[in-house]
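Participant: sharing a model that was predicted from the sequence below.
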Amino acid sequence: MIVYSDALCVWAYIAQARVDEVKRRFAGKISVRYSFCSVFGDTAQKIGEGWADRGGYPAYGKHVRTVAASFDHARIHPELWLRNRPASSMPAHLVLKAVQTIEAEKCEPVLREIRRAFFENCLDIGGWRVLRSCLDSAGVSVEAVRAKLDSGLPHAKLEADYRDREALTVQGSPTFILNEGRQKLYGNVGYRILEANINELLDTPNAGAASWC
């Protein structure tokens, strides 16, 4: 299963619990790979301009808190989007792609730390200082990530994510890709829907064995 998301997307933050349950329920049967799409690549345009007639950043912050209030596991800082606003999710995505090229299994722990820093602690995850702290917390070598960033490889890997997103017609964050792109589930998808789709693939080997999700 490929999970497309933007690190600043509240729906992706909420959906991580469903991904965790998929991994627990189908341990040893499927793998999860994280890819990234640019929904908040320019937050000034998306929120500052896009929400200008609806109250701007304060209104968007309230919207995020309202969305998250329905989910017990989602913790949103009361000043989210009011201070320490990231200019872009791209620096976080580049760091995550760097981590994938070094130690792929560490991508998820770093992603968790980045989301925790932003949604729960209201920190600017567009800045290196915060991203460095997230790497430290996840036990990833900051020096190794910095070397990868200097090489330009994470930029190429992120561009590949964006290119694949277009080929797969990924609509936004989060999107769950199954069966080599034949099945796409987008948005606030409940766990039972994910489970049903995965079970169908695993129970019909002629249709799904080639990809195994």
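Facilitator: Nice, thanks for sending it over.
Participant: from here on, just use CA atoms for contacts and neighbour counts.
Facilitator: Noted.
Participant: quick one: the strands in this protein?
Facilitator: Using DSSP state E, the strands of the chain run over 2-5, 33-36, 175-178, 183-186.
Participant: now the ones you listed as CSV including distance to residue 50, mean pLDDT and mean neighbour count?
Facilitator: Rendered in CSV, the data for the strands of the chain read as follows (distance: least, CA to CA, whole Å; pLDDT from 0 to 100; neighbours: other CA atoms under 10 Å):
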stretch, distance to residue 50, mean pLDDT, mean neighbour count
strand 2-5, 20, 98, 23
strand 33-36, 22, 98, 22
strand 175-178, 22, 97, 23
strand 183-186, 22, 96, 16
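Participant: go through those strands and name the closest to residue 192.
Facilitator: Checking the strands of the chain against residue 192 by CA to CA gives strand 183-186 as the closest, at 12.0 Å.
Participant: against which helices or strands is the closest one packed?
Facilitator: Other elements packing on strand 183-186 under the criterion 3 or more CA pairs under 8 Å, 6 or more residues apart in numbering; DSSP states H and E are strand 175-178.
Participant: what comes into contact with the strand it packs on?
Facilitator: 1-5, 183-187, 198, 213 (CA atoms under 8 Å, 6 or more residues apart in numbering).
Participant: pull the most distant pair out of these.
Facilitator: For those, and using CA to CA, no pair is farther apart than 5 and 198, which are 19.3 Å apart.
Participant: and residue 106, what is it in contact with?
Facilitator: So residue 106 contacts 99-100, 138, 140 (CA under 8 Å, 6+ apart).
Participant: so how do I select the buried members of those in ChimeraX?
Facilitator: Buried subset of the contacts of residue 106, written as a ChimeraX selection, criterion 16 or more other CA atoms under 10 Å:
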select :99,100,138,140
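Participant: follow-up on the earlier one: using a markdown table, lay out the contacts of strand 175-178 together with distance to residue 129.
Facilitator: Listed next are those as a markdown table, based on distance: CA to CA, whole Å:
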| residue | distance to residue 129 |
| --- | --- |
| 1 | 32 |
| 2 | 29 |
| 3 | 26 |
| 4 | 25 |
| 5 | 22 |
| 183 | 38 |
| 184 | 35 |
| 185 | 34 |
| 186 | 32 |
| 187 | 31 |
| 198 | 39 |
| 213 | 36 |
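Participant: from the residues you listed, which is closest to residue 23?
Facilitator: residue 1 (10.0 Å).
Participant: for residue 208, give me the pLDDT.
Facilitator: Among the per-residue scores, residue 208 shows a pLDDT of 44.
Participant: make that residue 172, sorry
Facilitator: pLDDT for residue 172: 95.
Participant: just the helices in the chain please.
Facilitator: In the chain, the segments counted as helices under DSSP state H are 10-25, 43, 56-68, 90-102, 107-115, 128-138, 142-151, 153-168, 191-203, 205-208.
Participant: deepest-packed of the ones you listed, please.
Facilitator: Among those, ranked by average contacts under mean count of other CA atoms under 10 Å, first place goes to helix 90-102 (a mean of 23).
Participant: residues making contact with that helix?
Facilitator: So helix 90-102 is contacted by 6-7, 36, 38, 41, 106-107, 110-111, 114, 125-128, 131, 140, 144-145, 148-149, 153-155, 157-158 (CA under 8 Å, 6+ apart).
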